[in-house]
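1. Structure for this input, please:
(one chain, ligands or ions: 1)
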Amino acid sequence: MKVVVTCSDVPESAVTILKDSNLEVVINEDNTREALLKALPGAHAVYLASKITIDEEILKAAGSNLKIVGCMSSGVDHVNKELLKRHKIQLSNTSGIPNSAVADIAILLCLAASRRLHEGRLHIENGTWIYGNQWMLGQDINQSVVGIVGLGGIGQCIAKKLKAFNVKQILYCGHKEKDEAKLLEAEFVSFDRVLCQSDFVIVSCPLTAETAELFNSVSFNKMKKTAVFVNVARGGIVNQLDLFDALRKNIIFAAGLDVTDPEPLPKDHELLKLPNCVMIPHLGSATLATRTTMAELTARDIIAGLKGESLISPVI
Ligand SMILES: O=CC(=O)O
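-> Numbering: from 1, shown residues only. I've put the predicted structure just below:
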């Protein structure tokens, strides 16, 4: 049976796992959608390791052999799940595996944005470094109120790690109260309370129709002037023009972004010109161990799906 891998840089160990199961592995060395479409006919599985959208065109190109899409990420917002369901094609992801690495990046961005890391670097580069008791003062994470939007696996991991920073209170919002929150001493509140009361607002929820542009001028205006906004989820949850405005006019203090819309962000994008916006290029799960585990799990779920066994990490 044939597995088509959507891009060329999947860890070798995952490819070996597939080949050891006697699967034919076709790697889309070109990394383009066009080349993928040409490689797909007859595929039994798609190993989705890039942001290529899985839609009608992809399914049509693959044809009726297609049994499973193995997605090497936690987020599956680039997959048309309803369509897969209709065609009885299974979908797996790597939910849970990147939690710790992504939580580290969330806290890194909280600290970097609140302590003005990017702005400080610019002062050094521009020769505008001065000494002064009131110069470059930031916000403390110590004794702060942190609001987490989406207390799923990643959100819970962030809350756990935040304990080491001696925060005063953890608030969270989402669809429903979580049992795990009790142990984390996190309080379930409304989205509005997260906005109004938090010193740090961290986004760790999936991008859905409901969360698209959840952060816009209305939400930023409800936040504290001293608040730090951090997004480790998806760029589409934020209206970037409104965020730009909120940062430029100091409606909020600073932002730390691991995700943007689009990705990659154009190198002349206006958010990059703001000293109070720390940005990194979607590095949440980018550690050697995390990516290797994600890749191998995806391979194992593809094999399970093709054998008709239950998936380790099923989405549908
Ligand atoms: O963004 C990364 C993921 O969804 O795993």
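2. I figured residue 169 hits residue 143, correct?
-> No - the pair residue 169 / residue 143 is not scored as a contact, 9.1 Å apart, by Cβ atoms under 8 Å. (Each C-beta comes from the backbone N, C-alpha and C, glycine too.)
3. quick one, which of these two is more surrounded?
-> Using other Cβ atoms under 10 Å, the more surrounded residue of residue 169 and residue 143 is residue 169, with 15 against 11.
4. Just the strands from the stretch 151-300 of the chain, written as ranges.
-> 169-173, 186-188, 200-203, 228-231, 254-257, 277-279 (DSSP state E, counting those that start in this stretch).
5. which residues does the spatially most central residue of the chain contact?
-> Among the residues of the chain, residue 233 comes closest to the average C-alpha position under Cα atoms, centre = their mean, at 3.5 Å. Contact analysis of residue 233 by Cβ atoms under 8 Å, 6 or more residues apart in numbering lists 75, 150, 154, 203, 204, 205, 206, 207, 259.
6. Check residue 58 too.
-> Contacts of residue 58 (Cβ under 8 Å, 6+ apart): 36, 37, 40, 46, 52.
7. so who does the last one touch?
-> What that stands for is residue 52. Counting by Cβ under 8 Å, 6+ apart, residue 52 touches 6, 7, 33, 36, 58, 78.
8. for those, which one is nearest residue 308?
-> In terms of Cβ to Cβ, no member of the contacts of residue 52 lies closer to residue 308 than residue 58, at 22.5 Å.
9. hang on, the closest one in a helix?
-> Yes - the assignment for residue 58, made by DSSP: H, G, I helix; E, B strand; the rest coil, places it in a helix.
10. Give me the pLDDT value at it.
-> Confidence at residue 58, expressed as pLDDT, is 98.
11. for the one 4 residues further on, same thing?
-> Per-residue confidence for residue 62 comes out at a pLDDT of 98.
12. Tally up the residues packed near it, please.
-> Look at residue 62: counted by other Cβ under 10 Å, it has 26 neighbours.
13. do residue 117 as well
-> Residues lying near residue 117 (other Cβ under 10 Å) number 17.
14. same thing with residue 179?
-> Neighbours of residue 179 under the rule other Cβ under 10 Å: 7.
15. One more: residue 266?
-> Burial of residue 266 is recorded as 9 neighbouring residues (other Cβ under 10 Å).
16. One more: residue 63?
-> Per other Cβ under 10 Å, the neighbour tally for residue 63 reads 12.
17. got it, and residue 311?
-> By other Cβ under 10 Å, 20 other residues sit near residue 311.
18. Look up how far the ligand lies from it.
-> With distances taken as Cβ to the nearest ligand atom, to the nearest Å, residue 311 is found 17 Å from the ligand.
19. Which strand or helix spans that residue?
-> Here residue 311 sits in a region with no helix or strand, counting by DSSP states H and E.
20. Wait, it touches residue 302, no?
-> No - contact criterion Cβ under 8 Å: residue 311 and residue 302 do not qualify, at 9.2 Å.
21. Determine the residues that are contacts of both of those two.
-> Common contact partners of residue 311 and residue 302 (Cβ under 8 Å, 6+ apart): residue 92.
22. For residue 145, grab phi and psi.
-> Here is the backbone geometry of residue 145 (degrees, to the nearest 10): phi -100, psi 120.
23. Just want to check the distance between the closest residue to residue 194 other than its chain neighbours and residue 134.
-> Nearest in space to residue 194, with sequence neighbours left out and distances taken as Cβ to Cβ, 6 or more residues apart in numbering, is residue 147 at 3.5 Å. Distance, residue 147 to residue 134, by Cβ to Cβ, to the nearest Å: 28 Å.
24. Of the two, which one has the most company?
-> Remark: of residue 147 and residue 134, residue 147 carries more neighbours, 26 against 5, as counted by other Cβ under 10 Å.
25. now the angle from the host helix or strand of the more buried one to strand 169-173?
-> Using DSSP H and E, residue 147 sits within strand 145-149. On the basis of axes from the mean of the first three to the mean of the last three Cα atoms, to 10 degrees, strand 145-149 is oriented at 20 degrees to strand 169-173.
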